[in-house]
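1. Predicted model and sequence below, questions to follow.
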Amino acid sequence: MAKEHILVVDDKEEILELVTCNLAREGYHVTGALTGENTLKKIRTETFDFIVLDLMLPGIDGLEVTKTLKNDPKARHITILMLSAKGEEADIVTGLELGTDDYITKPFSPRILIARVRAALLRKIKEPIDDTAVVRIHELEIHPGRRIVLAGGEPIELTFTEFQILLTLARRPGWVFTRSHIVDAVRGSDYPVTDRSVDVQIFGLRKKLGNFGNYIETVRGVGYRFKENP
């Protein structure tokens, strides 16, 4: 299964290589950046699920990068783990209050870093959701309890799996789901599935939704997401 795309940002090339190699060894798709400016440029042109972000960057520092991302509707969903030599309580609190999801101080254990990345991604997928709440987005209405989907006011007949996939994606617009995440959300982690079977379900769902199916975007090499803005 394709894994999440992680951006690693550090101005020290040896640390950048250390973190990048360890995450890549775990199967993650990893991209590196040495500056805050380059980070923001990559965010505008590529899709990322997670950022390991150094605080002390030349030019635009990690805190300013975090502020920019959290104020951007297209990027605010990205999970951020701050990595810094500054371990004072005030520094950690500042980073967390800006919206970072975790904070690790240097020097660090690569094994602990990987465990924290994995845990943060898992938390993101399993955030509590009101299972009864109606989802309304882009002229779509999804009623979980009644298992009804209205597209532009017209009812759409979906199978159980198609309904669950649509509901999973629409509940978190902008968030990129790997195929394994989709299977976990729909059928549970013990359900046998292949990349092809997920793709077939997505194809059928898009076909039934007609023009509204364009809101389900393919993220090449990663998985699928529901378009955040129409």
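-> Received it, and whenever you're ready, just let me know what you need. All figures in this text were calculated on a predicted structure; none of them were measured in a lab.
2. Okay, buried residues for the helix or strand of the chain with the lowest mean pLDDT please.
-> Counting by mean pLDDT, DSSP states H and E, the chain has its least confident helix or strand at helix 89-98, which shows a mean of 72. Of all the residues in helix 89-98, those buried under the rule 16 or more other Cβ atoms under 10 Å are 91-92, 94-95, 98. Glycine gets a C-beta too; all of them are placed from N, C-alpha and C.
3. Now do the same contact list for the most centrally placed residue in the chain.
-> The centre of the chain sits closest to residue 49, judged by Cα atoms, centre = their mean, with a distance of 3.5 Å. Taking Cβ atoms under 8 Å, 6 or more residues apart in numbering, we find residue 49 in contact with 4-6, 78-79, 121, 175-176, 222.
4. low-scoring stretches of the protein, by residue?
-> Residue ranges of the chain with pLDDT under 70: 1-3, 86-91, 124-131, 187-195, 221, 229-230.
5. Tell me what the residue lying farthest from the centre of it is bridged to.
-> Residue farthest from the centre of the chain, counting by Cα atoms, centre = their mean, is residue 154 at 30.6 Å. Going by DSSP bridges, residue 154 is paired in beta bridges with residue 151.
6. check contacts around residue 50.
-> For residue 50, the contact set (Cβ under 8 Å, 6+ apart) comprises 4-7, 78-81, 117, 120-121.
7. is residue 137 in a bridge, and if so with what?
-> Beta-bridge partners of residue 137, as defined by DSSP bridges: residue 140.
8. Determine the number of other residues adjacent to it.
-> By the criterion of other Cβ atoms under 10 Å, residue 137 has 16 neighbours.
9. Check the gap between it and residue 84 for me.
-> The gap separating residue 137 from residue 84 is 37 Å, by Cβ to Cβ, to the nearest Å.
10. dump the residue contacts of residue 119.
-> Contacts of residue 119 by Cβ under 8 Å, 6+ apart: none found.
11. now residue 23
-> With Cβ under 8 Å, 6+ apart, residue 23 has these contacts: 6, 8, 30, 52, 114, 117.
12. Residue 185 versus that one, what's the distance?
-> Using Cβ to Cβ, residue 23 is found at 24 Å from residue 185.
13. helices or strands up against the least confident helix or strand of the chain?
-> Using 3 or more Cβ pairs under 8 Å, 6 or more residues apart in numbering; DSSP states H and E, the elements in contact with helix 89-98 are helix 62-70, strand 79-84, strand 102-105.
14. Touching, residue 65 and residue 38? I think so.
-> No. Using Cβ atoms under 8 Å as the test, residue 65 is too far from residue 38 to be in contact (10.2 Å).
15. More neighbours: which of those two?
-> For residue 65 and residue 38, the more surrounded residue by other Cβ under 10 Å is residue 65, and the numbers stand at 26 against 16.
16. who touches the more buried one in this structure?
-> Going by Cβ under 8 Å, 6+ apart, residue 65 touches 9, 36, 39-40, 53, 57.
17. One more: residue 96?
-> Counting by Cβ under 8 Å, 6+ apart, residue 96 touches residue 103.
18. In strands only, show me the contacts of residue 23.
-> Among those, the members falling in strands (DSSP state E) are 6, 8, 30, 52.
19. Alright, that wraps it up for me.
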